Each structure stands twice: as structure tokens, then as C-alpha cells.
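Enquirer: What shape does this take:
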Amino acid sequence: MNLSPATSFVVGGISSTRGIVTSTAQFATTTSTDGATSASTTTSSSSSDDLLHPNYEIEPLPVRIGHGFDIHRMAPIQEAGQPVVIGGVEITHKDQKWTDKDGKYVPAGEIYETQLGVVAHSDGDVVYHSIVDAIFGALTLPDIGQVFQDTDPRWKGCDSSKFMQHAYEVMTEYGYKIGNVDVTLILERPKVASFKPAMKENIVKLLDTTPGRVNIKARTHERVDSVGELRSLSCHVVLTLERIQSTDQE
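Expert: Below you'll find the predicted structure:
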């Protein structure tokens, strides 16, 4: 998995040279009477410190279900410092009617028409973050915030497709593939209907799956709370993971 150029580091037992990430864990497999393969690990670091390779067995269930959620603030582009990116797609838009709750640009509570951006440590892609969280959750692993901490300068402005690539590698190491992915994106504006096909295509490619296994829905928040005031956007993802069968690998 390509993270960028330069120095070496370790994240939850995953070592990298800021280019290619490789796991310091070695996977051992055991086969049950029904032919299912179970992954267990030994690592070069203490298992208590190895976030993605816990010291308990991740049982070879035929199907696992995960849920992911993410929310980020939206703000005028000059404040956010980066555009709105959802599902790997930059959401270009006309000036939007953003509610200035704190009175930074107009009197508090009034509408400020502006280009919007997402306030986040990485690129703030709520769809990708929710999918990663759902994959980790399905595998009983820690959440994305523990694995890619928002205090770590390595992830500043990071393209979240890198997190997706990493989650895909973890999923396949444990012997799973995508069953299906159901995304619910929640934002008042900007409108995203025309961008959904590109988002879906990105997800299909990153997770090495098919269009019939990925769905993206989008809805407003009926002008309620921070989402309805264009001050935030959020996303829910529910997905299933299927056990990889020997025939899948032939």
C-alpha cells in the first residue's frame, strides 16, 4: 500500500517505509473440519500494542457485518483549507448558504454565501472513513481513529484512498472479501447526485469488488442541526464481509 515517500514508521504493527506498507505480523492458518481457514498472528511487537493483530482469534465466520460512521465540519474554503471530497471525488459547487453560527464573517446566526470545504486532519472523506471503520468493525478491530490518529502529522491532508487500500489489505489477510457495501451520505448541500457514479466506481476499484455489491444513497437533513445548516456532513456505512473460499483464489 502506497502511503507517500520517505521515513519508516509503525502503525499498529504495520511497518512502512513511507511508500510501501508491509505487515510485521506473520499469519498462521488452521483449517477446521468444514474447510474454513482461521487466521492467527505472531508479531514483532507486543500483541497488546498490535492494534490490527490482537491476541485473540478472529473466528472464520462465513459472514461478518460491520457498521461505520463519520462526521466532519464544513466551513468556508478559506477556513477549511481544502475542498469537499466524498468517495474520492472533489465536489465542485456554486457558493452555498452556510450558517455562520459564531459570527466570523457575518453577524452570528446569519447566512454567509461561500464555497465550502471540509475541516479535517486528512482530506476528511466521510465515505471512505466510514467504510474503513466498518471493515475494521466487522473484524472486531479498533476504529480508524486509533489506527490513523488525527494527531499524527503523517496523515495531515492524506488522501483517504490510502486508508481504504490498507483496510482492504487487512480484510484479505484475514481471509475475507466484500459481500456488499451500503452507504448513506447525509448532507444538506452541495448536491451530490451527479457525483455518485464516480464515487461508486472508486469504491468498487479500491475494494476489488463489483458494482452489484456497492450502493450509495444520499439524503439531506431537512435543515435540522449542523448538517442542515451546512456546517457539517456525515455518513453511515453498513457492509458484509464474506469468507474467501478456495475457489475464489483459483
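
Enquirer: Relative to the top strand by length along the chain, what are the paired strands and their orientations?
Expert: Longest strand in the chain, counting residues (DSSP state E): strand 63-76. For strand 63-76, the paired strands and their directions (DSSP bridges) are strand 116-119 (antiparallel), strand 232-243 (antiparallel).

Enquirer: mean confidence score for the last one?
Expert: Spelled out, that is strand 232-243. Summarised as a single mean, pLDDT over strand 232-243 is 97.

Enquirer: mind exporting that strand as PDB, just the C-alpha atoms?
Expert: The C-alpha coordinates for strand 232-243 follow below in PDB (Å, rounded to 0.1, in the frame of the first residue of the first chain):
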ATOM      1  CA  SER A 232     -21.200  19.500   8.800                       C
ATOM      2  CA  LEU A 233     -21.700  16.400   6.700                       C
ATOM      3  CA  SER A 234     -21.900  12.800   7.900                       C
ATOM      4  CA  CYS A 235     -22.100   9.200   6.600                       C
ATOM      5  CA  HIS A 236     -23.200   5.800   7.700                       C
ATOM      6  CA  VAL A 237     -22.000   2.500   6.100                       C
ATOM      7  CA  VAL A 238     -23.200  -1.000   6.700                       C
ATOM      8  CA  LEU A 239     -21.300  -3.800   5.000                       C
ATOM      9  CA  THR A 240     -20.800  -7.500   5.000                       C
ATOM     10  CA  LEU A 241     -17.600  -9.500   4.600                       C
ATOM     11  CA  GLU A 242     -17.700 -12.900   3.100                       C
ATOM     12  CA  ARG A 243     -15.200 -15.700   3.800                       C
END
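
Enquirer: If the residue nearest to residue 65 when sequence neighbours are not counted is in a bridge, with which residues?
Expert: Leaving aside its sequence neighbours, residue 65 sits nearest to residue 240 (CB to CB, 6 or more residues apart in numbering; 5.5 Å). For every residue, glycine as well, the C-beta is placed using N, CA and C. Note on residue 240: beta-bridge partners residue 65, residue 180, judged by DSSP bridges.
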